[in-house]
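**Q** Compute the structure for the input listed below.
(one chain, ligands or ions: 1)
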Amino acid sequence: MTLSNRTIALALGLLAGVGTAYIALNLPGNSGPQATGRVAIGGPFSLLDTTGQRRTEKDYAGKPMLVFFGFTNCPDVCPSGLQTLTVALDKLGDKANGLTPLFITVDPERDTPQSMAAYIKSFHPRIQGLTGTPQDVQAAIKAYRVYAVKVPDEKDPTRYSVDHSSFFYLMNANGEYTKHFPHSTDADVLAKALAAAL
Ligand code: NI
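**A** This is a model prediction of the structure:
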C-alpha cells in the first residue's frame, strides 16, 4: 500500500505539474488556520551578503523589503524578474532608497557571495544578494514558503537546474508580509504598488 500510494502521489504530482501544485499550496489563504489571522510568510533569516557578512532580518528592519528568491544560473525567470524590478526601482527614483530589495538564492551550493555579487551587478544597485549555508538558505526558503527543488540535467547528471516559485514578497517595515507579485508583473504596476507602500 505504501508503495502504491507513493506512486499515485507521484503520478498526480506529475499530472498537475509539480511546481504549480506546490505553488498553489504555498499561496496565502491556503496556509491553514492562522491563530493571529496574519499570513505566515517571512520571518527570521540568517544569511551572507555579497561581501560575506552575516545579515539577518534585523539588519533590514525599519524599511519595507521586497524579497525575491532565485539563482544566478536561472535561464529566464530570475533575469526577467530582476530586470522588471530594476525598471520599477528606476521609476521610483530616490523613493527606492526607502525600500530594501533582496535577492535570496535557492542554490547555495553554486551561489557564493562572490558569484552573487558578480550577478546582481547587472541589475539595480539597491538590490542586495543573499546566500549562505544550505541549512540557512533552506530555513529562509521555508519561512517564505518558497517552492525550490533541484532538477538534474537529463543529458548531464553532473549539472542541474532549480525549479522555484518566483514571487516578489512585499514585507512592511516590521518585516510582516503585505502582499506578493508574480515575477511577470508589469514594471509600471510594480512601481506604483511599491510607491504606495513607501
Ligand atoms: Ni529563477
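
**Q** in stretch 148-155, what's buried?
**A** A148 (16 or more other Cβ atoms under 10 Å). Heads up, the C-betas are built off the backbone N, CA and C, glycines and all.

**Q** no wait, stretch 182-198
**A** H183, T185, A187, L190, A191, A193, L194, A195, A197.

**Q** Save the residues you listed as a markdown table, and put in pLDDT, secondary structure and distance to P134 too.
**A** Below are the buried residues of stretch 182-198 laid out as a markdown table (pLDDT from 0 to 100; DSSP: H, G, I helix; E, B strand; the rest coil; distance: Cβ to Cβ, whole Å):
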| residue | pLDDT | secondary structure | distance to P134 |
| --- | --- | --- | --- |
| H183 | 91 | coil | 23 |
| T185 | 95 | coil | 29 |
| A187 | 97 | helix | 33 |
| L190 | 97 | helix | 30 |
| A191 | 97 | helix | 34 |
| A193 | 96 | helix | 33 |
| L194 | 96 | helix | 31 |
| A195 | 96 | helix | 36 |
| A197 | 92 | helix | 32 |
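
**Q** From the residues you listed, pick the one nearest L82.
**A** Each of the buried residues of stretch 182-198 was scored against L82 by Cβ to Cβ, and H183 proved nearest at 8.6 Å.

**Q** Now do the SS call for the closest residue to the closest one other than its chain neighbours.
**A** Counting by Cβ to Cβ, 6 or more residues apart in numbering, H183 lies nearest to G81, which is 3.4 Å off, once chain neighbours are set aside. What DSSP: H, G, I helix; E, B strand; the rest coil gives for G81 is helix.

**Q** If I look at the closest residue in space to P134 that isn't next to it in sequence, what pLDDT would I see?
**A** Leaving aside its chain neighbours, P134 sits nearest to P108 (5.0 Å; criterion: Cβ to Cβ, 6+ apart). In this prediction, P108 carries a pLDDT score of 97.

**Q** interface residues of this protein facing the ion?
**A** By Cβ under 5 Å from the ion, the residues of the chain that approach the ion are G70, C74, V77, C78.

**Q** And those residues, which two are furthest apart?
**A** G70 and V77 (6.8 Å).

**Q** what sits in contact with each of those two?
**A** H164, S166 (Cβ atoms under 8 Å, 6 or more residues apart in numbering).

**Q** beta partners of the residue nearest to the spatial centre of the chain?
**A** Taking Cα atoms, centre = their mean as the criterion, F69 is the residue nearest the geometric centre of the chain, at 2.0 Å. Assessed by DSSP bridges, F69 has beta-bridge partners I104.

**Q** and it, what pLDDT?
**A** 98.

**Q** So which of the residues of the chain next to the ion belong to strands?
**A** G70 (DSSP state E).
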